[in-house]
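Peer 1: Fold the following, please.
(3 chains, ligands or ions: 3)
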Amino acid sequence: MKFSDQFEQRFAEMLTHYPTKRSVLVPTLLFVQDEVGYLSDEVIEEIAQRLDLTELEVRNVISYYSMLTTRPRGKYNVQVCTNIACLLRGGEELLEHCETKLGIGHKGTTADGLFSLEEVECIGACSWAPAAQVNYDFHENLTVHKMDKVLDEYKKRATQ
Amino acid sequence: MTDLVSHPDEVRVVSKRFGKGATNIDRYLELDGYKAVQKALGMQPDVIVNEVKNSGLRGRGGAGFNTGMKWSFVPKQSAKPKYVLCNGDESEPGTCKDRLIFEHDPHAVIEGVMIAGFAVGSTTGYIYIRGEYRYLLEIMQKAIGDAYARGFLGKNIFGSGRNFDIYWHGGAGAYEVGEESALMESLEGKRGIPRIRPPFPAVVGLWGGPTVINNAETLASVPHIILGGADWFANLGPPKNGGTRLFCLSGHVERPGVYELPMGYNLKKMIYEVGGGIPNGHKLKAVVPGGSSCPLLTADEVDVSMDFDSMMKAGSMLGSGGVVICDDTTCMVKFALRIMKFYRHESCGWCIPCREGTDWLEKTLTRFHSGGGLKKDIDNIQYLSENMLGRTFCPLGDAAAMPTISIVKKFRKEFEDHLQGRPCPFEKEGKIEQLPVMAV
Amino acid sequence: MADVNITIDGKKVAAPAGTLLIEACKNVGIEVPSFCYYPNLSLQGACRMCLVKVEKMPKLQTACTTVISEGMIVTTNSDEIHQARKSMVELLLGNHPLDCPVCDAGGECELQDMAFSYGAAESKYMEPKNHKEEQQWSPVVYFDRPRCILCYRCVRVCGEGMDVWALGVQNRGVSSIIAPNREDHLQCEECGMCIDICPVGALTSGAYRYKTRPWEMKHVGTTCTHCADGCKTTLAVRRADTGMEIVRGDNRDKSGINGDFLCIKGRYAFDFAHHAERLAQPLIRKEGRLTPSTWEEAFELIGRRFTEIRDRDGGQAIGVVGSNRTTNEESYLLQKFSRLVLQTHNIDHHRTADFPAFAAALSGKPDSTASMRDVFNAPAILLIGSDPTEQHPLLAWQIRNNVRLHRARLYVFNSQAIKLRRQATAFMQISAGMEGKLAAFLSGEESSVEALVSQAISRDAWIALRDKLRSEQGLVIIFGSELRGSDISSLVKFGSGIKEAKFVCLGDYSNSRGAADMGLYPDLLPGYHRVTDAGKFHDHWVAMPQAAGLTLPAMVDSATAGKLKGWYVVGANPIGRLAIDPFAFSRSFVVAQDMFLTETAVIADVVLPAANAYEKSGTFTNTCGDLQLVKKAGELTGTKSDFEIIVRIADAMGYDIGKLVPFGRGITADMGQSRGAQSGEADRHAVWLEAHGLEPKMSPFDPMAILDEIQRLVLGYEVSRMDLLAGNDQHTTLSGGGGGALHDPNLIVPAHDDLFSSGTLGRYSRILNSVIENRHKQPEETEVAAD
Ligand SMILES: Cc1cc2nc3c(=O)[nH]c(=O)nc-3n(C[C@H](O)[C@H](O)[C@H](O)COP(=O)(O)O)c2cc1C
Ligand code: SF4
Ligand code: FES
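Peer 2: Ligands and ions are numbered 1, 2, ... in the order given. As a prediction, this is how the structure comes out:
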């Protein structure tokens, strides 16, 4: 499989950071996923081979971490936190709003493949609740109205 | 960039450089950067350990173990390399402080890791940052790169003839990985299943080598102790509880935010003065004092000093510094349910009581909250949680049980108000969902 | 190690330092419950059933992970502990389907036992249970997630024990699930260890599921009939229309040399016994066609024709082919029958290892063969040739687990990158055919090193390695059929320089070693005595011909030339397995004794339906020389054991049976098994007789009668009869034998069986065939991971 030079560089560098090869597994999977969009069978095969692991081992690890996925998702993964601090400040309403607006539920993807939605656990934005993450970008002190703007912004970005 | 807040009662130690552009290494140097490391290079390891021990610095990750003491457990001689591991997996609901440290003062963490390394005779450190904090990984990566470029890391640091390496490492979404032994498993490229203890990480840790594991805030405090001295740090807080803490105020409070207050600061004062009180004329109902794993305090219990020992006495824990405030519109059944949902989702699944207990409790609480609760369920929730407590493979089971037990105990009436057929008194529409199929 | 003193439930107990608390408890008879703890597998601390109170510890501690320390005071039962364990069971039952009435494990389930012990009878759980459809992972492995209690025993035995690593854990939390390596199916060695070790009915066997209830079966511990390692297998049988049917194989009681271990063949491949093509009636060729007939007619015909040929053309006109799968008693009887009754030394078998050369090399070297148990305990092992993982699964298990648990040093020399290299301290790949040079080099022949030197391994490296090997003590030297004749002498010479070195010579079938020891050779009598130098055999067998007989290839030549007029083929398929031209049999009178109409049987004049090893009693000698009991488990009406058939043919030839089988004067009798008394009547009588110090009488069909003679005459077999009959393996040794012989190395033809094949037998196992087919399957769409 072919990955970007940037990934290859990072991968090669990471391998020098640890006494065992497999130690790079978790971050590597996330970096690859950022590039490919999800952890496809080919990716799993490739990574397993590079790190002298069985595919089963790689799958076992993937399935443990909630950010890793073996299924394609939308271009923008909207992750709304509903954990306690966000709950108290309207996280659930925010999630419901996203569901209605995007027409999808937890772990759903819009038909145009633009958005996926996920209800997530605490993302470390408690003091700025309610909060959501779109891919890796934090959006904090949200209201339903602000959320709309955020989503529209991404939509616009995609069409440009 | 996250919003920063301030309050006159704050004592800025760890947050001293917040908002001052210290991610830039030159700016950091202007703000006393890398002085602590240079000073520590001239100190005997035992002296560093004692200094930290005497400063009363206790783990900011949650358990509050004396940091210097922990370092002293690392054997002097070891056939395998020793490591320092910075725990930046910050995932405890209610907690968002390590994030600020990495964002505003990454070099302080690097210094902390290095000093810990000098103290225990290690030359390699890892900084593990939770996967969701991708931007912090980039900041950290740059900070480490800059430090290498200046010769602060790598070979012959500051011309001392000594070497030190630090590597960043990213997680991929798992609360349990914050538990120290699971953290090591994760760093080694495995599922985040905790390890059997003993042996403790200080003796057998990463790749079998002795390993010091500390929270990011703990490590970021260390350079200040080295520069300011143990006594100065110890005197910031009550006995045995040195220094300050980053408290993350959230929930129903007028001015949420992360505030650095001295250890032992009064919780009531924190809520009403620092946080500006409960908004919209509502009344305080409950407080999660240190992240979702702690037993809750009721409004009557908040006149308490926020240090490890006083909180223990008050029947709760200081925990990770996540102070979540609930006003009187909060449904405590719902709150308990949300907490349990979190633990059910985050249980690693290794041991029976945690894996099955969290699932069972979440299901029961869900039914309860949607109007299908039976009287015996209340006792059952209590029974289940109590049977998890102290019997799980790692403290995650306890973390799920403790808040639940406290909520059932302290807010039993709210459970009774939810009994079968009655809508949740706190929900506007007050809908009753279908009873489960298997209900008797 | 020094003992540590602790107190358990008020009892003072001493145990070696490093002992786990759960083991220390077990040693004094205190049972601490556990699901996840399993001896010799890594510790988990996952099930929390073993919680006990250790004084000075704030919380209950897991006995399975606690190492005892001086002065420890432990309580294993109290209200608190009972409640803790009870709640674990309750929690497990919460999501458990409670389908015990239809679960294969019902009655043999550790979860049922725990629920019973801890009284977790009240159901506090009223939510819908988490459900997941049952999955078939391979023809023999089924997985039912809801029943799984996540003890991880299967994962560990597959990885740590088998070094297969085909099972893992997918997802986390309550969604955690045991997962096979090919997403929806398994690609593995199909050993079934995971099924055996599963404490509940989560993993079930495709061969056994829904067949019966455990309490409806009778269990018989016997020796496996497949490879030469001789695992003990416990066969579970029940009545069927055609006799007794075997429904399951396992080794739950861990009592044999194999402990827990069984491979796919030992566990499942008993099904050839019920194959539809099993012969159950004698066949006689009439007008060119094999026609069903009666035993009486067949015996009369064979007796008459063999007598005619012998009396007219002499014994040398008859050839006998013995078997690698008949019991020692049968092989012994067969050669005795040939030499005394047929008056011929023309007897041979499919040779898969050079045991005669091995015996010759070991002559006069007592205690120099290693038992299968020794392989597990040896401090160092040298393995030359063979691929134990494929051909000797138990041996591979012993080696692997010795390395894992005792840190044995393993040196592997092979022309292939065999799987055991993963456990090796040193692995040297040599060119095929260079094994002999290696033996020569090891024995000190310096010039041989040239043939071994390669780019990867220099001359110095070879010499360093030899020095290392020479410095080992108690080295067990194991070699495959690549080494024959004088190569074996070289290797033994090398071993003689090493303190307490022991040897294992690897043959291929379940009783190849027995066939060799019992003298299925034209020039060697039992115990490797030369025919021409027969010592005490001559005293007993006065009437034996003087000169050695013909080897199998020579017999074939003789038959082709029209000189050999009669063939007696017992449990062998030379046409199918040794590619002998059927023409060699076409002009002779051929009697074949077999379970199936094999390539050889189909051209015979008389075909006798024989019982297999699971349907008779006797003993087997595994390739290491461990002697073990074979006990009758199943039965197919209409067949007879080879033993009985040989006796009947001798009788039909007018021979005095008392001279062939010395019955009636042994110290013990047939336990009734060989006569098919599954009712246990004969067993009971024998037990009663023995208990009263009375001597049971033996019948001429009793293999035990001839075991007496074997023990008297075959050196190395003078083992404890009581121990043997009690079910213990007894190591026989080659060293006291008759000196052996060097043969033409080309007479050795390896069986080339792998994990999933077993000579002609394997072809009749539905299970083996379905597994072979399934190994080429591709994964289907995967399921979505947990939320
Ligand atoms: C379930 C669980 C999750 C934890 N998560 C974190 C975490 O995210 N960050 C952290 O620093 N410590 C966490 N801890 C505490 C660590 O195990 C460990 O005590 C801590 O990192 C030690 O550092 P300290 O002594 O500086 O607090 C967690 C503990 C448990 C049981
Ligand atoms: S399948 Fe059986 S052996 Fe494997 S984890 Fe489940 S209960 Fe344990
Ligand atoms: S046997 Fe100790 S935890 Fe399972």
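
Peer 1: Tell me the residue of chain A that sits nearest ligand 1?
Peer 2: For chain A, the residue closest to ligand 1 is A:G124, as judged by CB to the nearest ligand atom, at 9.4 Å. To be clear about C-beta, it is placed using only N, CA and C from the backbone, and glycine gets the same treatment.

Peer 1: List the buried residues of the top helix by length along chain C.
Peer 2: Identified as the longest helix of chain C according to DSSP state H is helix C:295-313. Buried residues in helix C:295-313, counting neighbours by 16 or more other CB atoms under 10 Å in any protein chain shown, are found at C:295, C:298-299, C:301-303, C:305-307, C:309-310.

Peer 1: Which of the three states applies to the residue of chain A closest to ligand 1?
Peer 2: A:G124 falls in the coil class when you classify it by DSSP: H, G, I helix; E, B strand; the rest coil.

Peer 1: got a pLDDT number for it?
Peer 2: Here, the pLDDT recorded for A:G124 equals 97.

Peer 1: Please report how far the residue lying farthest from the centre of chain A lies from B:W207.
Peer 2: Relative to the centre of chain A, the most outlying C-alpha is that of A:P19, 28.3 Å out, by CA atoms, centre = their mean. Remark: distance between A:P19 and B:W207 (CB to CB, to the nearest Å) = 5 Å.

Peer 1: and the spatially closest residue to B:P45 that is not a sequence neighbour, what does it touch?
Peer 2: Once flanking residues are discounted, B:P45 sits nearest to B:A119: 5.2 Å by CB to CB, 6 or more residues apart in numbering or on different chains. Contacts for B:A119 (CB atoms under 8 Å, 6 or more residues apart in numbering or on different chains) come out as B:40, B:45, B:48-49, B:52, B:71.

Peer 1: After the helix-or-strand element of chain C with minimal mean pLDDT, which helix or strand is next?
Peer 2: Every helix and strand in chain C was compared by mean pLDDT, DSSP states H and E; the lowest is helix C:681-691, with a mean of 54. Downstream of helix C:681-691, the first helix or strand assigned by DSSP states H and E is helix C:703-713.

Peer 1: Give me the buried positions along the longest helix seen in chain A.
Peer 2: Looking across chain A with DSSP H, the single longest helix is helix A:144-159. Across helix A:144-159, burial judged by 16+ other CB under 10 Å covers A:147, A:150-151, A:154.

Peer 1: circling back to that earlier point, help me confirm that the residue nearest to B:P45 is found in a helix?
Peer 2: Yes - under three-state DSSP, B:A119 sits within a helix.

Peer 1: Can you give me every residue that contacts residue 142?
Peer 2: Picked chain A for this. For A:L142, the contacting residues are A:90, A:94, A:130-132, A:150, by CB under 8 Å, 6+ apart.

Peer 1: meant chain C, my bad for not saying
Peer 2: With CB under 8 Å, 6+ apart, C:Y142 has these contacts: C:134-136, C:203-206, C:209.

Peer 1: What pLDDT does the model give C:G727?
Peer 2: At C:G727, pLDDT is 86.

Peer 1: Would you confirm that it contacts C:L629?
Peer 2: Yes - in this structure, C:G727 is within contact of C:L629 by CB atoms under 8 Å, at 6.3 Å.

Peer 1: can you list contacts of stretch C:13-21?
Peer 2: C:1-7, C:23-24, C:27-28, C:32, C:43, C:52, C:54, C:61, C:63-68, C:72, C:74.

Peer 1: possible to save the buried residues of helix C:295-313 as TSV with pLDDT and distance to C:L111?
Peer 2: Listed next are those as TSV, based on pLDDT from 0 to 100; distance: CB to CB, whole Å:
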residue	pLDDT	distance to C:L111
C:W295	96	51
C:A298	98	54
C:F299	97	55
C:L301	98	60
C:I302	98	57
C:G303	98	60
C:R305	98	63
C:F306	98	61
C:T307	98	65
C:I309	98	65
C:R310	98	65
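
Peer 1: re earlier: tell me the residues that contact both of A:P19 and B:W207, please.
Peer 2: B:P81.

Peer 1: before we move on, what SS does B:D398 have?
Peer 2: helix.

Peer 1: Name all residues that make contact with it.
Peer 2: B:293, B:388-390, B:392.

Peer 1: Quickly note the distance from C:L550 to ligand 1.
Peer 2: 78 Å (CB to the nearest ligand atom, to the nearest Å).

Peer 1: of the contacts of stretch C:13-21, list those near ligand 2.
Peer 2: The subset of these within reach of ligand 2, by CB under 6 Å from any ligand atom, is empty.
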